[in-house]
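Colleague: build me a structure from this.
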Amino acid sequence: MFFVVGLGYGDEGKGSIIDFLTDQVGSKNIVRYNGGPQSAHHVVHNGRTHCFSQFGSSFNSDVNTYLSKHMLVDLIPLAIEEYELRQKGITNTYERLYVDSSCILITPMQRIVGQMRELSNNYGSCGMGIGETVRDRGISLRISDLQNIKTLHIKLDFLWRYKLDHAEQLVEDNPNNQEIQSLYRKIIDVRLVRRLFDAYQYIGDRLHITSDYDISSQSIFEGAQGVLLDIEYGFSPYVTKTNTTFDNAYTLVSKCNKIKRLGVLRAYSTRHGAGPFVSEDLKLTHRIPDLHNGTHEWQGKFRIGWLDILASRYALEVVGGVDNIALTNLDRLQDIRHIRVCTSYEYVGDKNIDGFFDYEIIRGRKIIHKIRVQEKHNIRTQQELTSLLFECKPIYTEFKNWDEYHYLSFLESDQGLATPISIVSKGPERKNKYVLKDIF
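Modeller: Below is the predicted model:
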């Protein structure tokens, strides 16, 4: 049983690693244990490419997907993804999809109001309605509502009226914002509830809705987003609204299960949208532009920087460590002569940083060696930490003349991540993945 988590800000290459693991282990089950339709897990196999969103990231036609109780599900994008998979030769997808009855549903009303709120606040939402649906957790629809026609209609109508009130308030607060006005015109359409009711009935009839899915010992647990975006431990307010650590996965298995924890990292750092990114390098962003990510309508630009040891160690500490690391996109660095790794920060602001970092003062400079994990459930301290990270500058260790072995050895060492790198990825397909140490 593998738990797979992203150790960055998302986009680490988790989907490609999940597809590889599924094939190597012969697993017939992928368990999605967090997030929702905002996942964009690109997998390439035998010339086919798909961005897995709500289905488990595997092209194998005999692998089931279980959307656990921790998932937020958006049925219309789910149906679109199912159609796209069929067009690519992946059949029986609905037959192999199992959805927990307690999964929360994301509706277009919540997506629209979430986008309106983002236009008002600009915190870097993905625009998929995740945060808005979490905000509405107490009254949101659940998958089980699809099984009762009367309940479904009543709850849809109530939710529409509820979100309409929110939309009206946002319009009132932003009278000159034309984009907000345009979104408002979508949600006031009185036909919206009826259309959703019909669509949800149609899609719901094709789902295996369950409350007791049997998670086998060979299951692979696929995480979404990255630890540095976690609602509790991420750098607030530039975070997702869900838990991105292993916590949700642990609630789905018994203690007797033998679990192998795998963290996924790129060989360099990336971040989509706003927020602190100490090791960002604009020259590197232009030199190795991402193949699947660019400027996003809601998140903003895709940013690239050098691997940040401090941020990666922080993520490792937050999840309680991992047994192994899968390092992806290693091939993207091979044509760069001088490779950098961010191994410490210099704090250049004037605030008190005690309690937030381990640091020493060297010739009057505050040199940071560690980001401290703050007390859980304390958003205020996370926001203080975020503000301090904006005032940090990277200090690099440089590797001259690309040497893959030297680079990997450093990352595995105590000066790096102190964790074995057991899988490396040097390209998008399964054949480009290499197992360096036996983890199966």
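
Colleague: quick one, phi/psi of residue 161?
Modeller: Phi and psi for residue 161, reported as degrees, to the nearest 10, are phi -70, psi -40.

Colleague: what of residue 24?
Modeller: phi -70, psi -40.

Colleague: burial count for residue 203?
Modeller: By other Cβ atoms under 10 Å, the residues close to residue 203 number 16. Bear in mind the C-beta positions are built from the backbone N, C-alpha and C, glycine included.

Colleague: ugh, wrong one, residue 404
Modeller: 15.

Colleague: what's the closest non-adjacent residue to it?
Modeller: Nearest residue to residue 404 in three dimensions, chain neighbours excluded: residue 330, at 6.9 Å (Cβ to Cβ, 6 or more residues apart in numbering).

Colleague: any idea how far that neighbour lies from residue 217?
Modeller: 31 Å (Cβ to Cβ, to the nearest Å).

Colleague: so which of those two has more stuff around it?
Modeller: Set residue 330 next to residue 217 and count neighbours by other Cβ under 10 Å: residue 330 wins out with 20 against 12.

Colleague: what's the spacing between the more buried one and residue 396?
Modeller: 19 Å.

Colleague: low-confidence stretches in the stretch 51-200 of the chain?
Modeller: Of all residues in the stretch 51-200 of the chain, those with pLDDT under 70 make up the ranges 122-125.

Colleague: quick check: phi and psi on residue 46?
Modeller: Dihedral angles (degrees, to the nearest 10) for residue 46: phi 50, psi 40.

Colleague: same thing with the one 3 residues further on?
Modeller: Note on residue 49: backbone dihedrals following degrees, to the nearest 10 are phi -130, psi 140.

Colleague: quick one: it and residue 57 touch, right?
Modeller: No - the pair residue 49 / residue 57 is not scored as a contact, 12.0 Å apart, by Cβ atoms under 8 Å.

Colleague: overlap in contacts, those two.
Modeller: Between them, residue 49 and residue 57 share these contacting residues under Cβ atoms under 8 Å, 6 or more residues apart in numbering: residue 43.

Colleague: of the two, who's got more company?
Modeller: Remark: of residue 49 and residue 57, residue 57 carries more neighbours, 28 against 14, as counted by other Cβ under 10 Å.

Colleague: distance-wise, check the residue nearest to residue 404 relative to residue 191.
Modeller: From residue 330 over to residue 191 (counting by Cβ to Cβ), the distance is 51 Å.

Colleague: next one: residue 134
Modeller: Residue 134 is 27 Å from residue 191, by Cβ to Cβ.

Colleague: which one of the two has more residues nearby?
Modeller: For residue 134 versus residue 191, neighbours defined as other Cβ under 10 Å are more numerous around residue 134 (19 against 7).

Colleague: where does the more buried one fall, phi/psi-wise?
Modeller: The phi/psi pair for residue 134 (degrees, to the nearest 10) is phi -60, psi -40.

Colleague: and the residue lying farthest from the centre of the chain, how close does it get to residue 17?
Modeller: Most distant residue from the mean C-alpha position of the chain: residue 363, 40.0 Å away (Cα atoms, centre = their mean). As for residue 363, its distance to residue 17 is 43 Å (criterion: Cβ to Cβ).

Colleague: please, where are all the strands along the stretch 151-300 of the chain?
Modeller: In the stretch 151-300 of the chain, the strands defined using DSSP state E, counting those that start in this stretch lie at 208-210, 220-222, 260-266, 269-272.

Colleague: from the contact counts, what lies against the longest one?
Modeller: Right, the one you point to is strand 260-266. strand 2-6, helix 14-25, helix 309-318, strand 324-328 (3 or more Cβ pairs under 8 Å, 6 or more residues apart in numbering; DSSP states H and E).

Colleague: if we go to 10 Å?
Modeller: strand 2-6, helix 14-25, strand 220-222, strand 307-308, helix 309-318, strand 324-328, strand 421-425 (3 or more Cβ pairs under 10 Å, 6 or more residues apart in numbering; DSSP states H and E).

Colleague: in CSV, list the ones you listed along with distance to residue 74.
Modeller: As requested, those are exported to CSV (distance: least, Cβ to Cβ, whole Å):
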stretch, distance to residue 74
strand 2-6, 21
helix 14-25, 18
strand 220-222, 17
strand 307-308, 32
helix 309-318, 27
strand 324-328, 27
strand 421-425, 29
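
Colleague: what's the burial count for residue 391?
Modeller: Residue 391 - counted by other Cβ under 10 Å - has 16 other residues nearby.

Colleague: was I right about it contacting residue 353?
Modeller: Yes - using Cβ atoms under 10 Å, residue 391 makes contact with residue 353 at a distance of 8.8 Å.

Colleague: overlap in contacts of these two?
Modeller: Overlap of the contact sets of residue 391 and residue 353 (by Cβ atoms under 10 Å, 6 or more residues apart in numbering) consists of 345, 347.

Colleague: so what does the helix or strand hosting residue 79 touch, helix or strand wise?
Modeller: In the assignment (DSSP states H and E), residue 79 maps to helix 75-87. For helix 75-87, the elements it packs on are strand 48-52, strand 97-100, helix 108-121, helix 192-204, judged by 3+ Cβ pairs under 10 Å, 6+ apart.

Colleague: same thing but 8 Å
Modeller: Looks like helix 75-87 contacts strand 48-52, helix 192-204 (3+ Cβ pairs under 8 Å, 6+ apart).

Colleague: what's the residue most central in space within the chain in contact with, if anything?
Modeller: With the centre of the chain defined as its mean C-alpha position, the nearest residue by Cα atoms, centre = their mean is residue 225, 0.9 Å away. By Cβ under 8 Å, 6+ apart, residue 225 lies in contact with 6, 10, 34-35, 38-39, 240, 242, 244.

Colleague: buried ones from the residues you listed, can you make that a PyMOL selection?
Modeller: To isolate the buried members of these in PyMOL, using 16 or more other Cβ atoms under 10 Å:
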select buried, resi 6+10+34+35+38+39+240+242+244
